[in-house]
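1. the following block contains a protein sequence and its predicted model.
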Amino acid sequence: MRSYIKGLFRGVGSLLTGLKVTGREFFTKKVTEQYPENRAALKMYDRFCGELIMPHDAEGKNKCIACGLCQSACPNETIRITTETVTDPETGKTKRRLVRYEYDLGSCMFCRLCVNACPTGAIRFSTNFEHAVYTREKLVKTLNKQ
């Protein structure tokens, strides 16, 4: 009988704690972003993961060495890399060259494991967050376009 009453008081105490938190949030000032209207003034934080991009320099080259570490680090296979082996005419050594870098935005978890695994910093996340499309095929992007 004692444990029943003790449990009842503990439950009422827990309920009152929840009501206190709810009441405090009810009376705080709300902040509403007027999203479509303030699109130009909207500031996204640098840590925000919006979309994977591969920056290119002025000549259209990227830093990717086609090592495949980002593809193997991705937990749900959203990155698909196609490579080819070429022979360097100066040294005679063979090396891998990036042919196609595909990224499926629709199945990405935005976990940043691919960015952390990249040894050259060839990929990063942008702060672009508008990804509304009508078909899923438009969410598959080729990042190494010239």
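-> Thanks, I have the structure now.

2. check contacts around the residue lying closest to Arg136 once chain neighbours are set aside.
-> In space, and not counting its chain neighbours, Arg136 is closest to Gly106: 5.2 Å by CB to CB, 6 or more residues apart in numbering. C-betas here are computed from N, CA, C, even on glycine. Gly106 makes contact with 136, 139-140, according to CB atoms under 8 Å, 6 or more residues apart in numbering.

3. can you list the neighbours in contact with stretch 79-87?
-> 52, 66, 68, 70-71, 93-104, 114.

4. next step: these restricted to strands.
-> Applying DSSP state E to the contacts of stretch 79-87, the entries found in strands are 52, 94-104.

5. weed out the non-buried ones from the contacts of stretch 79-87.
-> Among those, the ones that count as buried by 16 or more other CB atoms under 10 Å are 52, 66, 70-71, 98, 101, 103-104, 114.

6. show me what contacts the residue positioned nearest the centre of the chain?
-> The residue lying closest to the centre of the chain (CA atoms, centre = their mean) is Phe110, at 2.5 Å. Residues near Phe110 by CB under 8 Å, 6+ apart: 49, 125.

7. neighbours of Leu143, how many?
-> Counted with other CB atoms under 10 Å, the neighbours of Leu143 add up to 21.
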